[in-house]
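In: build the 3D model from these lines:
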Amino acid sequence: MRDEYDVKDAKKNPYVNGLKKQITINIDVETIDYFKQMSSETNIPYQTLINVYLKECDKSKKKINITFN
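Out: Predicted structure coming up:
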């Protein structure tokens, strides 16, 4: 490692807006099982599938239809 670095021409990280934030969330076991099944079919991690679905909901401005059984 160098003792000093010249950063005067450094550029801002272009991926900074794509960063993710870790959270804690409670999700029903059935919902997790659903995404884990999809994960095994697609070889995509289930957390990624959940994120993609939520992002799709956000982009399409999907409204939630809440029904309690």
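In: ok, how many other residues are close to Gly18?
Out: Other residues near Gly18 number 7, with proximity taken as other Cβ atoms under 10 Å. No exception for glycine: its C-beta is placed from N, CA and C like everyone else's.
In: read off the pLDDT value for it.
Out: We note a pLDDT of 76 for Gly18 in this prediction.
In: nearest residue to Lys20 in space, please, no chain neighbours.
Out: Asn51 (7.5 Å; Cβ to Cβ, 6 or more residues apart in numbering).
In: so which strand or helix has that neighbour?
Out: helix 46-60 (DSSP states H and E).
In: any idea which residue sits dead centre in this structure?
Out: Against the mean C-alpha coordinate of the chain, by Cα atoms, centre = their mean, the closest residue is Asn51 at 3.6 Å.
In: just to revisit the earlier point, for the helix holding Asn51, name the packing helices and strands.
Out: helix 29-42 (3 or more Cβ pairs under 8 Å, 6 or more residues apart in numbering; DSSP states H and E).
In: quick one: the helix it packs on to helix 46-60, angle?
Out: Taking axes from the mean of the first three to the mean of the last three Cα atoms, to 10 degrees, one finds that helix 29-42 is oriented at 100 degrees with respect to helix 46-60.
In: could you list the buried residues of helix 29-42?
Out: For helix 29-42, burial by neighbour count (16 or more other Cβ atoms under 10 Å) applies to Phe35, Ser39.
In: gap between the residue nearest to Lys20 and Lys36?
Out: 14 Å (Cβ to Cβ, to the nearest Å).
In: same deal with Leu19?
Out: Distance from Leu19 to Lys36, by Cβ to Cβ: 25 Å.
In: regarding the residue lying farthest from the centre of the chain, what is its secondary structure?
Out: Computed with Cα atoms, centre = their mean, the residue of the chain farthest from its C-alpha average is Asp3, at 37.2 Å. Classification of Asp3 by DSSP: H, G, I helix; E, B strand; the rest coil places it in coil.
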